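> Below is the structure, and that's it, no one-letter string:
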Ligand SMILES: Nc1ncnc2c1ncn2[C@@H]1O[C@H](COP(=O)(O)OP(=O)(O)OP(=O)(O)O)[C@@H](O)[C@H]1O
């Protein structure tokens with residue numbers, strides 16, 4: 001989340017309490033395909049034309065064996081000697097059929113490829129966007145690597161299937177039907193032999209499909225887990241090195257890779273078995289056709305006049321026309337399970353509702369200027385957890401500078417998240433100028449309320465680009481004006497490349513203090529009416545500290561500001577201090593007044609700070625361990 005974005009929430013949503021991302025695993029195959037088509041309408045475009053080409057391609061294939069049979073029986077073996085004209089005609093017909101089949105197959109594949117890639121690009125884009133609209137808590141609970149896997153590797157699986165699978169499966173079924181009909185016209189007995197040879201495969205398909213669905217569901221999950229295991233130590237490389245835990249980290253990665261390998265082996269085992277069964281069936285069918293065909297010829301055991309050499313040879317060709325699509329179909333069904341498992345997971349993202357409703361254009365407008373903030377009997381519990389805020393009921397005057405203090409885990413950040421509508425309260429309401437936050441459009445809220453977190457996230461780009469997250473249309477002059485207004489113009493000018501300075505990944509080319517300065521310019525550029533600040537705790541050198549202090553001072557001018565304070569100097573400078581203890585606001589008032597109340601929570605915090613002052617900087621102790 002960027003340092004100065006206020007909130008993001010989805011546009012359509014129903015309230016929910018779960019934080020888990022929909023895995024989509026409960027979706028049946030047809031529901032998955034229906035939802036997939038809904039989310040990628042491009043997949044349906046031109047489907048009829050593609051299907052017509054597929055019919056043409058498979059129809060053309062049947063022509064060749066028929067031409068061979070006709071040539072053998074009525075051309076080369078004609079009653080009055082070789083009928084050259086007929087033989088040539090059949091040859092030309094077969095050649096034309098081969099050309100038509102080739103062209104139609106090429107066009108069909110090209111169209112399928114384009115439609116699939118277009119459809120999946122849309123799916124990827126939608127999934128990426130929706131990730132941003134997901135509830136904050138859901139984003140936090142889902143491992144980042146797994147989330148990335150869903151929009152990359154899972155979509156790739158779908159892509160491969162759609163290009164080579166989807167329609168080809170329908171075509172294969174069509175080819176099987178056509179081959180069966182043509183075979184039956186030649187000889188119902190041999191057709192029966194072929195179907196009997198494939199009966200075990202057909203009968204076991206459902207069983208294999210069930211097993212494959214399960215197995216590939218596990219494979220896709222393990223791909224996500226593996227990416228998480230790899231990406232986490234890359235992001236946390238500094239910690240891994242400084243604590244020399246590379247071996248332990250590697251062990252975790254190895255374990256994830258092993259689990260993925262085991263899951264893939266299991267899935268591949270089923271695939272290999274069904275594929276070999278297909279091979280055995282094909283062998284049986286071919287042998288059966290030749291043996292039974294010969295037995296059915298006029299001088300065979302079950303001699304019939306209808307069975308000619310041409311028919312047996314044509315039948316052998318027709319069997320390959322039957323076997324080909326059956327093996328293709330079996331292969332596609334196998335791949336389909338892998339692809340469907342991936343598709344389900346991507347759809348799972350899209351079907352996870354964003355939990356914060358955005359009233360959009362119907363939202364109540366917020367007047368501009370310093371905002372009055374009201375917590376109306378607010379209570380909050382994280383999903384599945386105990387309540388962490390209880391009956392917070394207070395009003396903060398417009399334009400006031402408020403510091404929120406309290407021990408670690410007391411609920412300060414939760415208050416900030418509710419104030420910026422990163423989450424909605426479980427009980428009560430949060431109001432800005434009397435308007436319930438739930439009734440304010442996201443666009444309006446983003447304009448009026450800005451959160452500056454402790455560690456403002458910087459993107460690997462120039463300083464100017466990072467600052468523009470505050471206001472996307474800001475030109476350089478506006479950025480410089482903001483820096484000047486905060487007294488940071490000379491700092492900016494002192495940077496070797498000024499606004500074009502590249503900040504590195506996560507802003508690592510800047511010092512912690514400099515990153516804070518960037519976050520402040522960003523916030524100033526956004527020009528909010530309510531500023532919510534989570535004060536940084538990291539120590540910076542005294543000169544920079546003073547700079548930050550002065551910039552903050554200017555940033556807060558003429559706005560309502562709520563600061564989660566970790567320094568006593570911040571509390572001292574505030575108009576009002578809110579003391580949070582175990583999820584309740586137990587004291588409020590100016591610093592001097594609160595500090596004078598002996599025995600109070602605030603007096604305790606103050607005393608421990610004073611005790612520490614000799615040893616450290618002016619920090620409010622935010623944890624029990626820090627208290628004297
Ligand atoms: N995402 C979360 N899921 C579940 N519980 C949470 C979550 N975030 C915070 N909590 C719990 O809510 C309580 C209040 O946390 P909060 O972050 O508001 O405290 P805080 O006063 O800001 O602490 P700190 O000074 O350490 O930042 C804590 O008990 C914490 O464990």
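Done, it's in. Note that the structure is predicted; figures quoted are calculated from it, not measured.
> Can you check the pLDDT for residue 227?
pLDDT for residue 227: 80.
> close enough to count as contact, it and residue 146?
Yes - at 6.7 Å, residue 227 and residue 146 qualify as touching, with contact defined as CB atoms under 8 Å. Quick note: C-beta positions are derived from backbone N, CA and C, even for glycine.
> Show me what residue of the stretch 251-400 of the chain gets nearest to the ligand.
residue 382 (3.4 Å; CB to the nearest ligand atom).
> number of nearby residues for that residue?
Number of residues near residue 382 (other CB atoms under 10 Å) recorded here: 14.
> For the stretch 401-550 of the chain, what lies in contact range of the ligand?
406, 408, 409, 410, 411, 412, 413, 414 (CB under 6 Å from any ligand atom).
> Which of the three states applies to the last one?
Translated: residue 414. helix (DSSP: H, G, I helix; E, B strand; the rest coil).
> Could you list the domains of this structure?
By the assignment in automatic domain parsing, the chain contains the domains 29-349, 373-626.
> picking up where we left off before, I'd like the residues of the stretch 401-550 of the chain next to the ligand as JSON lines, with distance to residue 374, pLDDT and neighbour count appended.
Below are those laid out as JSON lines (distance: CB to CB, whole Å; pLDDT from 0 to 100; neighbours: other CB atoms under 10 Å):
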{"residue": "406", "distance to residue 374": "20", "pLDDT": "90", "neighbour count": "26"}
{"residue": "408", "distance to residue 374": "26", "pLDDT": "86", "neighbour count": "13"}
{"residue": "409", "distance to residue 374": "25", "pLDDT": "89", "neighbour count": "15"}
{"residue": "410", "distance to residue 374": "21", "pLDDT": "90", "neighbour count": "23"}
{"residue": "411", "distance to residue 374": "17", "pLDDT": "91", "neighbour count": "23"}
{"residue": "412", "distance to residue 374": "18", "pLDDT": "91", "neighbour count": "22"}
{"residue": "413", "distance to residue 374": "20", "pLDDT": "90", "neighbour count": "17"}
{"residue": "414", "distance to residue 374": "17", "pLDDT": "92", "neighbour count": "22"}
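> out of those residues, what pair is the most spread apart?
Taking CB to CB as the measure, these span a maximum distance of 12.4 Å, between 408 and 414.
> So, low pLDDT: which residues of the stretch 301-450 of the chain?
Judged by pLDDT under 70, the stretch 301-450 of the chain has its weakly predicted residues at 302-303, 305-306, 354-356.
> any chance you could map the helices in it?
309-351, 412-419, 442-448 (DSSP state H, counting those that start in this stretch).
> With the stretch 101-250 of the chain instead?
So, for the stretch 101-250 of the chain - with DSSP H, counting those that start in this stretch - the helices run 136-141, 144-151, 153-161, 167-186, 188-235, 237-242, 246-296.
> For residue 580, find the nearest of those.
For the helices of the stretch 101-250 of the chain, proximity to residue 580 was assessed by CB to CB; helix 136-141 is nearest, at 20.4 Å.
> thinking residue 218 is in contact with residue 264, fair?
No - judged on CB under 8 Å, residue 218 makes no contact with residue 264 at a distance of 9.2 Å.
> Contact partners for residue 256?
With contact taken as CB atoms under 8 Å, 6 or more residues apart in numbering, residue 256 is in contact with 222, 225, 226, 228, 229, 230.
> CSV please, covering these and showing neighbour count and distance to residue 55.
Listed next are the contacts of residue 256 as CSV, based on neighbours: other CB atoms under 10 Å; distance: CB to CB, whole Å:
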residue, neighbour count, distance to residue 55
222, 20, 40
225, 20, 43
226, 23, 42
228, 20, 45
229, 22, 47
230, 15, 46
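> and of those residues, the nearest to the ligand?
residue 228 (18.2 Å).
> hang on, the earlier thing: how about a markdown table for the domains of the chain, with distance to residue 357 added?
A markdown table is the format used below for the domains of the chain (distance: least, CB to CB, whole Å):
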| stretch | distance to residue 357 |
| --- | --- |
| domain 29-349 | 11 |
| domain 373-626 | 7 |
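> And those, which one averages the lowest pLDDT?
Least confidently modelled of the domains of the chain is domain 29-349, at a mean of 81 by mean pLDDT.
> start to end distance for it?
Terminal residues of domain 29-349 lie 17 Å apart, using CA to CA, to the nearest Å.
> now do stretch 558-571
Stretch 558-571 has its terminal residues 18 Å apart, counting by CA to CA.
> Would you indicate which residues of it are buried?
Buried residues in stretch 558-571, counting neighbours by 16 or more other CB atoms under 10 Å, are found at 559-571.
> Counting only helices, which of those residues make the cut?
568, 569, 570, 571 (DSSP state H).
> Report the secondary structure state of the residue of the chain most remote from its centre.
What lies farthest from the middle of the chain is residue 80; by CA atoms, centre = their mean that is 71.9 Å. Under three-state DSSP, the three-state class of residue 80 is coil.
> quick one: the strands in the stretch 401-550 of the chain?
401-406, 427-432, 435-436, 449-452, 530-534 (DSSP state E, counting those that start in this stretch).
> hmm, who's touching the first one?
Going back to what we said before, that points to strand 401-406. So strand 401-406 is in contact with 396, 412, 415-416, 556, 560-565, 570-571, 573-581, 591, 601-602, 605, 620, 622, going by CB under 8 Å, 6+ apart.
> if we can go back for a sec, want to try CSV for the ones in helices among the buried residues of stretch 558-571, with distance to the ligand as columns?
Converted to CSV, those look like this (distance: CB to the nearest ligand atom, whole Å):
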residue, distance to the ligand
568, 15
569, 17
570, 14
571, 14
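> Which member of these is positioned nearest residue 214?
Among these, and counting by CB to CB, the member closest to residue 214 is residue 570, at 55.9 Å.
> Correct me if wrong: the closest one contacts residue 535.
Yes - applying CB under 8 Å as the test, residue 570 and residue 535 come out as touching, 6.1 Å apart.
> any residues in contact with both of these two?
Joint contacts of residue 570 and residue 535 (CB under 8 Å, 6+ apart) are residue 563.
> which bits of the stretch 251-400 of the chain sit near the ligand?
For the stretch 251-400 of the chain, the residues in contact with the ligand (CB under 6 Å from any ligand atom) are 382, 385, 388.
> ok, how many other residues are close to the last one?
Read it as residue 388. By other CB under 10 Å, the residues close to residue 388 number 18.
> Same question for the second one.
Residues contacting residue 385 under the criterion other CB under 10 Å number 8.
> Enumerate every residue touching it.
Residue 385 neighbours (CB under 8 Å, 6+ apart): none.
> quick one: contacts for the closest residue to residue 430 other than its chain neighbours?
Closest residue to residue 430 apart from its sequence neighbours, by CB to CB, 6 or more residues apart in numbering: residue 437 at 4.8 Å. For residue 437, the contact set (CB under 8 Å, 6+ apart) comprises 421, 424, 429, 430, 431, 445.
> can you check residue 329 too?
The contact partners of residue 329, by CB under 8 Å, 6+ apart, come to 169, 172, 173, 176.
> burial of residue 188, as a residue count?
Neighbours of residue 188 under the rule other CB under 10 Å: 10.
> so what's it up against?
If you count contacts by CB under 8 Å, 6+ apart, residue 188 has none.
> Roughly how far does it sit from residue 195?
Using CB to CB, to the nearest Å, residue 188 is found at 10 Å from residue 195.
> which stretch among the domains of the chain comes nearest residue 358?
Here domain 373-626 is closest among those (CB to CB), at 4.5 Å.
> Share the number of residues neighbouring the spatially closest residue to residue 550 that is not a sequence neighbour, please.
In this structure, residue 550 finds its nearest non-sequential neighbour in residue 487, 5.3 Å apart by CB to CB, 6+ apart. Neighbour count for residue 487, taken as other CB under 10 Å: 13.
> Quick check: residue 487 touching residue 551?
Yes - between residue 487 and residue 551 there is a contact at 6.0 Å, judged by CB under 8 Å.
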